[in-house]
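Enquirer: Pasted the sequence and its predicted model underneath.
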Amino acid sequence: MIGIAAAGMAQPAPDRDAISQLQAALPERSLPGLDSLLRRALVNAPEVIMREWALAEAEANTLVARAPMLPRLEAWANAGVTYEQRKETLDSNRTLEAVLYNVGFYQPVFHWGALAQNYQIGKLRQAISERNISETRRLLALDIRRRYFDLMLAKNGLQIARQNQTRAEEEYKQMEQLIADGVQAAGALDGPRRNLDIIRPEVRRQEVEYNMLRESLLRLAGVTEADLDTLPESLPPFGNLDAALAALVNTQTIAISNNLAGLKDQIEVERLNYKIQKTRLYPKFGLSLSVTQENRSPDNNVLGPKSLITSWNAFGTVNWRIFDSQETKGLQLASLNRLRALEVSRVQTEKQEGSEREAEALRLQLQWERLKNTELDLGRARGGLELTEHDFANGWASSRAVEDTRAHLANVLQQTNAERAAFASALAACLSNRGRDPAVTGGGNF
């Protein structure tokens, strides 16, 4: 089984050479329109922008998580007049003008590591958000390629359908003329008419499908109509990838996936959260400094004369939740169970991803063999057209035979493009799942 390697693990030279060859075979390397679309979409796509805002939120939450570790300074002030009236001794009634204030400084000193652990959780969640952006771009690149190929195939299919409609209309007119000339009976028009009745709705259906695919791709990529004006008529054929694909099948290590890395971060978050819950019933120590000006009697006698007194205070503080009716115990058990579930998920994901990478490499190799057979069919169809045109030039074949052969070649080319697109999508997914999609990694350099 293929092993999951650390993100930065170097691959053997044969693996690197094979990956580089497969990266160079991706269609965007020879299709500037697709390359430009990928570059713009990975920056401007609405889904990417939403993930970036989520990252900005995570960065802000990291600041919030760090704040309890830092000193806190608070102040309040009141300025005004106080009128004191005493019923027992009316001659002691008086009015005081005063400014009352308090300035306090507090610094946590020892919280059993809970504050630092909470800050670490904030940083881990920020890392998860950063990885979410990378994963979003990775999946988006795969989706854009697939939709771009689908749009190209839909455009070519629509063109073929329109050509078929044109041919059917010409056949209908020819049959009408033959009937008018008395060469064919009136019932002979039923066949051409039925062909038109079948072809016309199919052309309209393909027009609707093409427009829907185009609008969907524009929304997904966050680009304009102009970015799709250069759709190719055909995907370029691939070079010889036999050795590179064989090396890919034999690759023993792959980079850790974003999904697995995210699970490991979640496990670490839950471990820290469990440690924090364990400290809930421990005493928390801090340092408090303050200066206060207040209106009171020097000896705190409520009946004595009051005056403005300024106090400078320095205290060591202890906050201790002694009993909380098993709330802490419940929180610890919940955190521990989440941790156990995440550990099981991590182990299963490691096994599953290793098996999937091995299986997809084998499927890609089989898909390559299928594509090679389709390319041979395309070569035969082109050769057949050359022979038919040669026969036509020598008077041995009719113009109808040439048109039929050209229509057959168009269908074979469409099928070949479909096979090329399927292989290109599978190749991109195989590289992407190994962290080697050049559209996302910036060229796939090791």
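Expert: Received the coordinates, thanks. The model shown is predicted, which means the values in this text are computed figures rather than measured ones. Numbering: from 1, shown residues only.

Enquirer: On the three-state scheme, residue 317 is what?
Expert: strand (DSSP: H, G, I helix; E, B strand; the rest coil).

Enquirer: And for residue 45, the neighbour number?
Expert: Neighbours of residue 45 under the rule other CB atoms under 10 Å: 22. For the C-beta atoms, the positions are set from N, CA and C on the backbone; glycine is no exception.

Enquirer: was I right about it contacting residue 143?
Expert: No: with contacts counted by CB atoms under 8 Å, residue 45 stays clear of residue 143, the gap being 9.6 Å.

Enquirer: shared neighbours of those two, anything?
Expert: With contacts taken as CB atoms under 8 Å, 6 or more residues apart in numbering, the residues that reach both residue 45 and residue 143 are residue 220.

Enquirer: Check what pLDDT the residue nearest in space to the middle of the chain gets.
Expert: Geometric centre of the chain, nearest residue: residue 136, 1.1 Å, by CA atoms, centre = their mean. Residue 136 carries a pLDDT score of 95 in this model.

Enquirer: next one: residue 295
Expert: Looking at residue 295, its pLDDT reads 74.

Enquirer: Pretty sure residue 411 sits against residue 163.
Expert: No: contact between residue 411 and residue 163 fails when scored by CB under 8 Å: they sit 10.5 Å apart.

Enquirer: what sits against the residue nearest to the centre of the chain?
Expert: Counting by CB under 8 Å, 6+ apart, residue 136 touches 47, 48, 51.

Enquirer: Phi first, then psi, for it.
Expert: phi -60, psi -40 (degrees, to the nearest 10).

Enquirer: Over to residue 111?
Expert: Per-residue torsions, residue 111: phi -120, psi 30 (degrees, to the nearest 10).

Enquirer: Please work out how many residues are found near it.
Expert: When neighbours are defined as other CB under 10 Å, residue 111 has 20 of them.

Enquirer: and if you look at residue 318?
Expert: Counted with other CB under 10 Å, residues neighbouring residue 318 total 10.

Enquirer: Let me know how buried the nearest residue to it once chain neighbours are set aside is, in neighbour terms.
Expert: Among residues not flanking residue 318 along the chain, residue 283 sits closest, at 5.2 Å (CB to CB, 6 or more residues apart in numbering). Residue 283: 14 surrounding residues under other CB under 10 Å.

Enquirer: same check, this time on residue 139
Expert: Neighbour tally, residue 139, other CB under 10 Å: 15.

Enquirer: quick one: it from residue 313, how far?
Expert: 58 Å (CB to CB, to the nearest Å).

Enquirer: wait, the residue nearest to residue 318 sits on residue 316?
Expert: No: applying CB under 8 Å as the test, residue 283 and residue 316 come out as separate, 11.5 Å apart.

Enquirer: By residue count, which strand of this protein is the longest?
Expert: Counting residues, the longest strand found in the chain (DSSP state E) is strand 94-110.

Enquirer: Mind listing the strands it pairs with, and their directions?
Expert: The partner list of strand 94-110 in its sheet, established with DSSP bridges, is strand 72-84 (antiparallel), strand 284-296 (antiparallel).

Enquirer: Out of those strands, indicate the one that is most buried.
Expert: Neighbour counts (mean count of other CB atoms under 10 Å) averaged over each of those peak at strand 284-296, with a mean of 15.

Enquirer: ok, back up a step: host element of the nearest residue to the residue nearest to the centre of the chain once chain neighbours are set aside?
Expert: With sequence-adjacent residues excluded and distances taken as CB to CB, 6+ apart, residue 136 is closest to residue 51, at 4.8 Å. Secondary structure assignment for residue 51, by DSSP states H and E: helix 46-66.

Enquirer: Nearest residue to residue 151 in space, ignoring adjacent ones along the chain?
Expert: In space, and not counting its chain neighbours, residue 151 is closest to residue 213: 4.8 Å by CB to CB, 6+ apart.

Enquirer: For that neighbour, grab the count of nearby residues.
Expert: Residues near residue 213, counting by other CB under 10 Å, number 18.

Enquirer: tell me which element it is part of?
Expert: Per DSSP H and E: residue 213 is located in helix 190-221.

Enquirer: what's the angle between that helix and helix 46-66?
Expert: Helix 190-221 runs at 20 degrees relative to helix 46-66, counting by axes from the mean of the first three to the mean of the last three CA atoms, to 10 degrees.

Enquirer: buried residues in whichever helix or strand comes after helix 190-221?
Expert: Moving toward the C-terminus from helix 190-221, the next helix or strand (DSSP H and E) is helix 242-249. By 16 or more other CB atoms under 10 Å, the buried positions in helix 242-249 come out as 244, 245, 247, 248.
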